[in-house]
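*Asks:* Need coordinates for the following:
(one chain, ligands or ions: 2)
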Amino acid sequence: MLEVRDLHAYYGKSHIIQGVSFDVSEGEVIGILGRNGVGKTTLLRSILGLTPPKRTGFIKFDDVVISSLPAHKIAEVGLGYVPQGRRIFPRLTVMENLMLPVTKGRVNKEDLEEVFNYFPVLKERAKQLGSTLSGGEQQMLAIGRAMMKRPKLIIFDEPTEGLQPSMVLKVRETIKALCRRGITAIIADQNLENALELCDRVYVLEKGTIRYTEKRENLSLELLNKYLGVIKR
Ligand SMILES: Nc1ncnc2c1ncn2[C@@H]1O[C@H](COP(=O)(O)OP(=O)(O)OP(=O)(O)O)[C@@H](O)[C@H]1O
Ligand SMILES: [Mg+2]
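*Replies:* Ligands and ions are numbered 1, 2, ... in the order given. Now for the predicted structure:
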């Protein structure tokens, strides 16, 4: 479904992503693991055509070559994005946040119902401002917002980062429920437990390249430790 070939990305003269290739098949959940600052977010944003401005390589999604498309066109091909740090709009209500990705006048009630089924708290707080939600609830809103576009593939960037432990479990369970329903996903994380619980396959990123890739059942904890160092839980 997604094919990434020899992707390079730069911030000015810093060569952050140095020739990354990977694939995601339909129904697969892929983990991109790596320490702080290795370039996980840069990799995801390069796929989506967001910053950094300079990137090279070939990216195909669902038979569309997206590496030559601008971000607003890529947003239309069916890629959902739950950014690091959630990035909801604090001054808009929960409902307004959910409606943002929806084209004017084409609100699909079923999509909204589905989001509310996953996250009843968003229905309860539909009229509240985004800023009044807890970190965990904001993450649910960010996931709900991505779901409103009915994406074929959802990209999660550190979905449980900075959440209190009970919320980490809750958000993980939600992603698991989505996975059981057959979504295709990429999850960038430093949290090994997320990867072990959610992903079918992982790629470990270090110094801008992929150092290790393995199916979940064959993962070597020794190698993961080597590449990830102190494991954050
Ligand atoms: N806007 C920017 N301008 C310049 N350099 C940047 C910018 N954003 C990130 N970088 C640099 O690019 C490198 C990769 O950063 P990136 O955020 O992609 O890493 P990450 O793996 O997502 O880290 P984290 O786990 O902290 O989220 C880092 O060295 C960072 O300092
Ligand atoms: Mg990041």
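*Asks:* residue ranges for the helices of this protein, please.
*Replies:* Here the chain has its helices, by DSSP state H, at 40-47, 71-74, 94-99, 109-118, 120-124, 135-147, 165-180, 192-198, 221-228.
*Asks:* Adding mean neighbour count as columns, could you present those helices in a markdown table?
*Replies:* For the C-beta atoms, the positions are set from N, CA and C on the backbone; glycine is no exception. Below are the helices of the chain laid out as a markdown table (neighbours: other Cβ atoms under 10 Å):
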| stretch | mean neighbour count |
| --- | --- |
| helix 40-47 | 24 |
| helix 71-74 | 13 |
| helix 94-99 | 20 |
| helix 109-118 | 14 |
| helix 120-124 | 15 |
| helix 135-147 | 22 |
| helix 165-180 | 16 |
| helix 192-198 | 19 |
| helix 221-228 | 14 |
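*Asks:* Nearest to Gln84, out of the ones you listed?
*Replies:* Smallest distance to Gln84 across the helices of the chain (Cβ to Cβ): 5.5 Å, for helix 40-47.
*Asks:* Now do the closest one: distance to the chain's middle.
*Replies:* Offset of helix 40-47 from its chain centre (Cα atoms, centre = their mean, to the nearest Å): 10 Å.
*Asks:* Around ligand 1, which positions in this protein sit nearby?
*Replies:* Residues of the chain lying near ligand 1 by Cβ under 6 Å from any ligand atom: 11, 14, 16, 34, 36-42, 84, 190.
*Asks:* Count the residues that sit near Ile17.
*Replies:* When neighbours are counted by other Cβ atoms under 10 Å, Ile17 registers 25.
*Asks:* Report the beta-bridge partners for it.
*Replies:* When bridges are called by DSSP bridges, Ile17 pairs up with Ala9.
*Asks:* wait, what's in contact with it?
*Replies:* Leu7, His8, Ala9, Gly39, Thr42, Leu43, Ser46, Arg55, Gly208 (Cβ atoms under 8 Å, 6 or more residues apart in numbering).
*Asks:* For the helix or strand of the chain with the lowest mean pLDDT, what is the distance to the chain centroid?
*Replies:* Scoring the helices and strands of the chain by mean pLDDT, DSSP states H and E places helix 221-228 at the bottom, with a mean of 84. Mean-position distance between helix 221-228 and its chain equals 22 Å (Cα atoms, centre = their mean).
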